[in-house]
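In: Prediction below, plus the sequence it came from.
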Amino acid sequence: MEEQGLDEMMQDLNAVPACISAMIDTGSVESHRYFLARRTVLEMLRDRGHAVPDDEIQRTLADFRSWWETKPEFDNLTISYPLISDSSKKISELLVNITKHVLKPHHQVLTPEEKGELLLQYKVEDSQIPRMLEKDAVARYYGLQKGTVVKVTYEGELTGSHVTYRCVV
């Protein structure tokens, strides 16, 4: 009886319309994890100012799997894009982009000029700005150095929109 039930399920699965069956992921879990990790790394590199083409980030899982094939070559594992502001610097090798999480406030890295204006406007020094540790997840994501100031914008139903600043220590 169990065998008959299995046969019926297989017939039902084979009868699934093409539009729905296209949404069923039949690939390996490992390739899906590599796909997600690679996309997150590419987004992170772009957020850090590297010249990552849109088509690399928008690559679909099916395209990734056909490009990745069954056994990846070392060249496919390497990620190397020039820094837009300094093309001589490259980052290579690194499943979730933390800056896109719905509960994470928006972080904007201030330029040295914007930092100077902020310090003048509020008549404060670096040490008087609330701190963000260099090992904080957002600081690590952006590759922030000590002394960098980040504008943090919170959006909430109860608190509304408000801005704070953090200095990396």
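Out: That came in fine, so what should we check first?
In: Can you tell me how far Pro130 is from Val169?
Out: Counting by Cβ to Cβ, to the nearest Å, the separation of Pro130 from Val169 is 10 Å. In short, each C-beta sits where N, CA and C put it, glycine included.
In: Which one's more surrounded, those two?
Out: The neighbour comparison of Pro130 against Val169 (other Cβ atoms under 10 Å) goes to Val169, with 15 against 9.
In: What sits closest to that one if chain neighbours are left out?
Out: Spatially, and ignoring its direct neighbours in sequence, Val169 is nearest to Arg131 (4.8 Å; Cβ to Cβ, 6 or more residues apart in numbering).
In: quick check: longest helix of this protein.
Out: Longest among the helix segments of the chain by residue count, using DSSP state H, is helix 29-47.
In: List the buried residues for it?
Out: Residues 31, 34-35, 38-47 are the ones in helix 29-47 that count as buried (16 or more other Cβ atoms under 10 Å).
In: which other helices and strands contact that helix?
Out: helix 54-57, helix 61-68, helix 137-142 (3 or more Cβ pairs under 8 Å, 6 or more residues apart in numbering; DSSP states H and E).
In: go with 10 Å
Out: Counting by 3 or more Cβ pairs under 10 Å, 6 or more residues apart in numbering; DSSP states H and E, the packing neighbours recorded for helix 29-47 are helix 54-57, helix 61-68, helix 74-77, strand 81-82, strand 90-91, helix 137-142.
In: ok, the residue nearest to Val169 - contacts?
Out: Under the criterion of Cβ atoms under 10 Å, 6 or more residues apart in numbering, the contact partners of Arg131 comprise Arg166, Cys167, Val168, Val169.
In: Can you pull the phi/psi pair for the second one?
Out: Same thing as Cys167. Per-residue torsions, Cys167: phi -110, psi 130 (degrees, to the nearest 10).
In: Does it touch Gln128 like I think?
Out: Yes. Between Cys167 and Gln128 there is a contact at 8.7 Å, judged by Cβ atoms under 10 Å.
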